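> Predicted model and sequence follow; I will ask about them next.
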Amino acid sequence: MSDYRFCPRCASALVERADAAAEGGRLRRVCPDDACGYVHWNNPLPVVAAIVEYEGKILLARNAAWAEGVFALITGFLEQGETPEAGIAREVLEETSLYVRETELVGVYDFIRKNELIIAYHVKAEGEISLSPELLEYRLVEPARLRPWRAATGLALADWMRRRALPFEFVEKPGQ
């Protein structure tokens, strides 16, 4: 359940209530003031992810908040009014300074632990790599040496590799 404790419309303390059986009977946080009617649906957030191909290799990056040795795909939240394709091009540019010149949808993946829906792309990018402050370092990995992980973006990476007939084994954490 979400962290919402108060109604964003009228500031009343939210209560948990099961929605109608026709809607699945899920517990939702709602405003107890019937005149307000606010329901917090807590829908998954859309996230875009990129398998960034740069000079024939795949770019993996380490976020500043992650442990040393943990590398993953470039990701970010989709912004209002933005298509997923525009969103991934923006994220790649913001985080790596690379320009996306080709975009191909890999698939859509759930990331239930973080309540996200990931739209994954393979992109071919060009330019000079310069990382944003949120990323500490990057690796360029030969596609055949990639090792996908068993969740969200790792599943996208595995699907991408499978389509290219690249052998792979799953690892426990990204970047192992």
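Looks like it arrived, so ask away. Model, not experiment: these values are computed from the prediction.
> any idea how far Glu91 lies from Glu104?
Between Glu91 and Glu104 the distance is 16 Å, computed by Cβ to Cβ, to the nearest Å. Yep, even glycine has a C-beta here, placed from its N, CA and C like the rest.
> The two: which is more packed in?
Neighbour count, other Cβ atoms under 10 Å: between Glu91 and Glu104, Glu91 has more, with 25 against 13.
> For the nearest residue to that one once chain neighbours are set aside, list the residues it contacts.
Spatial nearest neighbour of Glu91, excluding adjacent residues (Cβ to Cβ, 6 or more residues apart in numbering): Gly76 at 3.7 Å. By Cβ atoms under 8 Å, 6 or more residues apart in numbering, the residues touching Gly76 are Val47, Val48, Gly87, Ile88, Arg90, Glu91, Glu94, Glu95.
> Grab the most central residue of the protein for me.
For the chain, the residue sitting closest to the mean C-alpha position, by Cα atoms, centre = their mean, is Val47 at 3.8 Å.
> Was I right to think that one contacts Ile74?
No - shown here, Val47 and Ile74 do not form a contact pair, counting by Cβ atoms under 8 Å, at 11.0 Å.
> Check the separation of the first and last residues in stretch 127-142.
Stretch 127-142 has an end-to-end distance of 19 Å (criterion: Cα to Cα, to the nearest Å).
> Could I get the average pLDDT for that stretch?
Regarding stretch 127-142, the rounded mean pLDDT is 97.
> Would you mark the buried spots in that stretch?
Under the neighbour-count criterion of 16 or more other Cβ atoms under 10 Å, stretch 127-142 has Ile129, Leu135, Tyr138 buried.
> which among those gets closest to Leu60?
Tyr138 (6.6 Å; Cβ to Cβ).
> now that closest one, which residues is it bridged with?
Ala61 (DSSP bridges).
> Now Pro46. Nearest residue, chain neighbours left out?
Leu78 (4.3 Å).
> OK, contacts around that neighbour?
Counting by Cβ under 8 Å, 6+ apart, Leu78 touches Leu45, Pro46, Val47, Val48, Pro84, Gly87, Ile119.
> what kind of secondary structure is Ala144 in?
helix (DSSP: H, G, I helix; E, B strand; the rest coil).
> Could you shift the numbering so residue one becomes 860, and keep it that way?
Fine by me, first position is 860 from now on; the one you just mentioned is Ala1003.
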